[in-house]
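Undergrad: based on what follows, work out the 3D shape:
(2 chains)
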Amino acid sequence: MYKHPWLPNLGLVNEMLKEIGVANIDELFNDIPAEIKLNRLLNIGRGKPLSEYEIEEEIKEKVKKNIELSAPPFIGAGVCPHYIPSAIKFIISRSEFYTSYTPYQPEISQGLLQALFEYQSLVAELLEMEVVNASMYDWGSALAEAVLMANRINGKKTVLVPENSNPFHKEVLKTWIQGKGIRIKEVKYNKNTGEIDLEDLERKADDDITAIYLQQPNFFGIFESNIEHVIDIAKHKKALSIVGVNPLSLGLIKPPGRYDVDIAIGDGQELGLPLNFGGPLMGIFAVKWDMTLIRQMPGRIVGITKDNNGNMGFTLILQTREQFIKREKATSNITTNEALMAIANAIYLSLLGKEGIKELAEEIYFRSHYASKKLTEIKDVSNAFSSDFFEEFVIKFPVNYDIISRKLKEKRLQGGLRLSDKTALFCVTEIHDKKSIDLLASTIEEAIKNVETS
Amino acid sequence: MWRQAKWEEPLIFELNKSNSTRQGFLINKDEEIRNYITEINIPKNLLREEVPDLPNLSELEVVRHFVRLSQMSFGVDTGMMPLGSCTMKYNPKIEEKAPEVVEHHHPLEDEDYVQGILEMMYELQVWLSEITGMDECSLQVPAGSAGEFAGVLMIKKFHEEHNRNYKDLMLVADTAHGTNPASAAMAGYKVIYVKSNKEGLVDINILKEIVNDKTAGFMLTNPNTLGLFEENILEISKIMHSVNAVLYYDGANLNGILGVARPGDMGFDIVHLNLHKTFAVPHGGGGPGAGAICAKGELTEYLPYPLVEKVNGKYKLSKIPQKSIGKIASFYGNVGNLARSFAYLLGLGPQGIQLIGKMSTLATNYLIAKLKDVKELELIAENRPRKHEVVFSAKPLADNYGVTANDIAKALLDNGFYAPTIYFPPIIEEALMIEPTETEPKETLDKFAEVLRKIVEMAKNNPDQILKGPNNTSIGRLDQAYANHPSSITPTYRVLKLRKQGKITYLK
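TA: This is a model prediction of the structure:
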């Protein structure tokens, strides 16, 4: 091969070899034992380098093999479909941002650093927490890092996790804490309201609790109305409090900072990111103004500083927590994070502004309640829980949910997440219009009627 | 002369000076639904009392602000980024079309709706296994360090399943990336450093002494962070396997041998890949990246789930390895970026990929040849060919003229180049770790060598000039002490405001 668009020096090999003083490229690999040299082509791709046109055709073919839904998916479980303002993709596609790397050299990376500082600052306002890092991978890993952090601070080994928190996040937590011997103890929820069972929590909160986790709104979309009480229990037991939040809900409800929580986590996916089949997502991680907490935080943090002329500038701070300095004593191994997604979040929050975030949260509230109402107007269909909810809600059906799923599939609809034989968790946002919601309801009604008449 | 844009751009909170009501995008409100659902029934004690202090800006203000910030940033598309061990190669633009495959699909959609995505993931799993010489790859890990963590947890569970709980030591080369010991510690291992010999390679004699029944594994990158190939790798593998320890491959440096040799053939049992390094996913200012964790033989049973498998002609996310360590990410890893690597590999094909290791190695050694006669840039094991990267020591300049690796880095910035990785690996004093990659044209390499040579001359003749830099960047040299001092540390605008209001003091 003598030319390729991504390999500029193919025609200069001899010239470069001459400068080095070797006869051929293979000489540069003389230190690799002969028996482990590959000496054959790797069997990848389509057998030859594809032209850009051909790559694009392959991409189109893959798109075609997916099925375009007739309405946005009615499924959430922590990743919800939203409208994404055009300005976001436009800005994060700026080459200077998306082809850069962690700003180790701050003088030449001021713009990137300022953008990340603004992400931290905008999220800090939303959460009313003082310190936010420049991202974790996703909500699940943010939860895991929060628990590992609690364990570093108080050395205790059990974390209380409510049964009504996101099970996908719990799976991640379970994986990440196995090396440190930390145990998860699950706390029951009230089967009527959907909220955490405080009595069960009190029963299980013994002196070995490193942290108590609570999700607001919880996995069922239900608002937890006793956060103060949970925080009190954590304080009383000298455990850390960790609250996971849906950032959009904070346009309506009290932010975690108002409850004096130690660590707030969440996912920035709902702040301007596409569904991405579950990744990249964007882990939010924040703590209150407390040195013990800040010193033990994982991840990159950008701070304000000044240059040798006294001008305000930005740089990575508290780097002595990080792996490249502290190695096995680092607070986390994280290096590459989700920085560009953090910038997307910053743009989204800047576009929404004070009023926009409230209006959007209200719109989601109204639409999800409309959908819930339409569904529960169907005979024998009801809400599984009595407490108020946001964006996501659990519906109980008189027939097996698989039957409903099949019917929805005939109409190219994606229904909610099946939780049990007869319950499912639905997600409705500002991109589900009345027509789509009505179609969902009428299709489900039809499915139920079919069972009754057959 | 190169100069970076310099906007005196206020913080986004301070842009709207008139305090007027502006909003960057309107919410689509459904009036019909609002007629139907008329009130909000959230308990009063839960309601937000004060609106969040977000800026009120028009769309243009937001766009202009961030475009200006982008102009004060530096990426591969701006100029050469020789950051060692980061593999800052060019990110082909066609890759940006690939996320179309995944963008609009929810991770929990019915599998019949996402056959295109699953097929792509399946093909990638197969290709990455072929490239690494492993039996199976899981794409669960969102970045390299998450891959390392997964790998170490696999080692731990593997030993536990074999009743070898006494294995509590993880070996790490003294040239290893900081993530290796950090990942091992997160999994609960004690870390033992293996000293390098004079040639910059793992000292086999020391290794033999250290290795015992308590050794759980050895985390190694090959070529190592000095850019040197561990030529005794087969013996290392034998030593490790003789005590049932697992040989772990840190894939951060794979680029230097890509298509030439495979970790699987060298005796490695587990491999992690950084798709944002080796497979051209853009680094995004620090992320998102993408990763893969691959294993051979029995160890495949421990991979994080789920993997894509093909069942009766249909792709399913149903493969859960028998003894899987669990899930590392909430869903299936950074699939949007997997799509970018998929496009990259299609563009390379078998003939292209076999040239990556060769051309990146050629570039490194060419650069070394160009700087050979610069005595002040010292080289360990100078007769050994490098692979993806080279580490010079600028110790003579620091000792004799007071110009450190950090100062040289700043001088490079002043000439329109990003700086190398500095002070790493720790065994080299005043280290400048340079990775040119296969995508930099020879002319750029020539220019880089010429500039570095000039900087060395200036360090000798006019060191003060260098110590005052950088001057051509958006801002001058920054004060790190002020940034981290308990009385001035400012991680958010909120802290800045609270401090001004006297509501917070010294961080304690």
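
Undergrad: when you work out contacts or count neighbours from here on, use the C-alpha atoms and nothing else.
TA: Fine.

Undergrad: find the nearest non-adjacent residue to the residue nearest the centre of chain B, please.
TA: Chain B has residue B:86 as the residue nearest its centroid, 5.7 Å off, counting by C-alpha atoms, centre = their mean. Leaving aside its chain neighbours, residue B:86 sits nearest to residue B:277 (6.1 Å; criterion: C-alpha to C-alpha, 6 or more residues apart in numbering or on different chains).

Undergrad: for the one you found, grab phi and psi.
TA: phi -100, psi -70 (degrees, to the nearest 10).

Undergrad: next SSE downstream of the host helix or strand of residue B:146?
TA: Element membership for residue B:146 (DSSP states H and E) is helix B:144-161. Next along the chain after helix B:144-161, taking DSSP H and E as the criterion, comes strand B:169-173.

Undergrad: residues in contact with that next one: which ones?
TA: For strand B:169-173, contacts defined as C-alpha atoms under 8 Å, 6 or more residues apart in numbering or on different chains pick out B:180-181, B:184, B:189-196, B:202, B:214-220.

Undergrad: any idea of the angle the very next helix or strand once past it forms with strand B:169-173?
TA: Remark: after strand B:169-173, the chain's next helix or strand is helix B:179-186, criterion DSSP H and E. Helix B:179-186 runs at 170 degrees relative to strand B:169-173, counting by axes from the mean of the first three to the mean of the last three C-alpha atoms, to 10 degrees.

Undergrad: which strands or helices does the following helix or strand past helix B:179-186 pack on?
TA: With elements assigned by DSSP H and E, the helix or strand that comes after helix B:179-186 is strand B:190-194. For strand B:190-194, the elements it packs on are strand B:169-173, helix B:179-186, helix B:204-210, judged by 3 or more C-alpha pairs under 8 Å, 6 or more residues apart in numbering or on different chains; DSSP states H and E.

Undergrad: which residue comes closest to residue 114 once chain neighbours are left out?
TA: Defaulting to chain A. Closest residue in space to residue A:114, ignoring its immediate chain neighbours: residue A:314 at 6.3 Å, by C-alpha to C-alpha, 6+ apart.

Undergrad: you looked at the wrong chain, it should be chain B
TA: Nearest residue to residue B:114 in three dimensions, chain neighbours excluded: residue A:66, at 4.5 Å (C-alpha to C-alpha, 6+ apart).

Undergrad: do you know how far that neighbour is from residue A:280?
TA: From residue A:66 across to residue A:280, the span is 19 Å (C-alpha to C-alpha, to the nearest Å).

Undergrad: now swap in residue A:90 and tell me
TA: Counting by C-alpha to C-alpha - residue A:90 and residue A:280 are separated by 18 Å.

Undergrad: neighbour-wise, which of these two wins?
TA: It is residue A:280, of residue A:90 and residue A:280, that has more neighbours when counted by other C-alpha atoms under 10 Å in any protein chain shown, with 31 against 11.

Undergrad: residue contacts, residue B:465?
TA: Listed by C-alpha under 8 Å, 6+ apart, the contact set of residue B:465 reads residue B:458.

Undergrad: for my notes, confirm it occurs in a strand.
TA: No - per DSSP: H, G, I helix; E, B strand; the rest coil, residue B:465 lies outside any strand segment and is helix.

Undergrad: which residues touch the nearest residue to residue B:233 once chain neighbours are set aside?
TA: Spatial nearest neighbour of residue B:233, excluding adjacent residues (C-alpha to C-alpha, 6+ apart): residue B:266 at 6.4 Å. Contact partners of residue B:266, counting by C-alpha under 8 Å, 6+ apart, are A:36, B:233-234, B:237.

Undergrad: ok, residue A:324 next?
TA: B:177-179.

Undergrad: go back to those and keep what's next to chain A.
TA: Subset of the contacts of residue A:324 in contact with chain A: B:177-179, counting by C-alpha under 8 Å from any C-alpha of the partner chain.

Undergrad: in JSON lines, list the residues you listed along with neighbour count.
TA: Shown next, in JSON lines, are the ones next to chain A among the contacts of residue A:324 (neighbours: other C-alpha atoms under 10 Å in any protein chain shown):
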{"residue": "B:177", "neighbour count": "25"}
{"residue": "B:178", "neighbour count": "24"}
{"residue": "B:179", "neighbour count": "27"}
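
Undergrad: picking that back up, touching chain A at all, the helix holding residue B:146?
TA: Yes - with C-alpha under 8 Å from any C-alpha as the criterion, chain A is reached by helix B:144-161 at B:144-146, B:153, B:156.

Undergrad: buried ones in stretch B:18-32?
TA: For stretch B:18-32, burial by neighbour count (16 or more other C-alpha atoms under 10 Å in any protein chain shown) applies to B:22-25, B:27, B:29.

Undergrad: how far off centre is that stretch?
TA: Chain-centre distance of stretch B:18-32: 39 Å, with C-alpha atoms, centre = their mean, to the nearest Å.

Undergrad: bridging residues for residue B:196?
TA: On the basis of DSSP bridges, residue B:196 takes part in beta bridges with residue B:202.

Undergrad: contacts only, for it.
TA: By C-alpha under 8 Å, 6+ apart, residue B:196 lies in contact with B:173-175, B:202-203.

Undergrad: and with 10 Å instead?
TA: By C-alpha atoms under 10 Å, 6 or more residues apart in numbering or on different chains, the contact set of residue B:196 is B:173-175, B:202-204, B:206-207, B:427.

Undergrad: list just the nearest of those to residue A:165.
TA: Lowest distance from residue A:165 to these (C-alpha to C-alpha) belongs to residue B:173, with 40.6 Å.

Undergrad: separation between the closest one and residue B:268?
TA: Distance from residue B:173 to residue B:268, by C-alpha to C-alpha: 15 Å.

Undergrad: who's more crowded, those two?
TA: Neighbour totals were compared for residue B:173 and residue B:268, and residue B:268 leads with 28 against 23 (other C-alpha under 10 Å).

Undergrad: now name the helix or strand holding the more buried one.
TA: Using DSSP H and E, residue B:268 sits in no helix or strand.

Undergrad: residues contacting the residue nearest to residue B:86?
TA: Going by C-alpha under 10 Å, 6+ apart, residue B:277 touches B:85-91, B:144, B:251-255, B:283, B:289-291.

Undergrad: can you do 7 Å?
TA: B:86-88 (C-alpha atoms under 7 Å, 6 or more residues apart in numbering or on different chains).

Undergrad: which bits of the stretch 101-250 of chain A sit near chain B?
TA: Contact residues (C-alpha under 7 Å from any C-alpha of the partner chain) of the stretch 101-250 of chain A with chain B: A:101-103, A:107-112, A:115, A:117, A:120-122, A:124-126, A:130-131, A:137-138, A:140-141, A:168-169, A:171-172, A:175, A:179-180, A:225.

Undergrad: in helices only, show me those.
TA: Among these, DSSP state H puts A:110-112, A:115, A:117, A:120-122, A:124-126, A:140-141, A:168-169, A:171-172, A:175 in helices.

Undergrad: shaky segments in chain A?
TA: Chain A contains no residues with pLDDT under 70.

Undergrad: report the angle between the longest helix along it and helix A:110-127.
TA: In chain A, ranked by residue count with DSSP H as the criterion, the top helix is helix A:339-376. Interaxial angle, helix A:339-376 versus helix A:110-127 (the same axes, to 10 degrees): 30 degrees.
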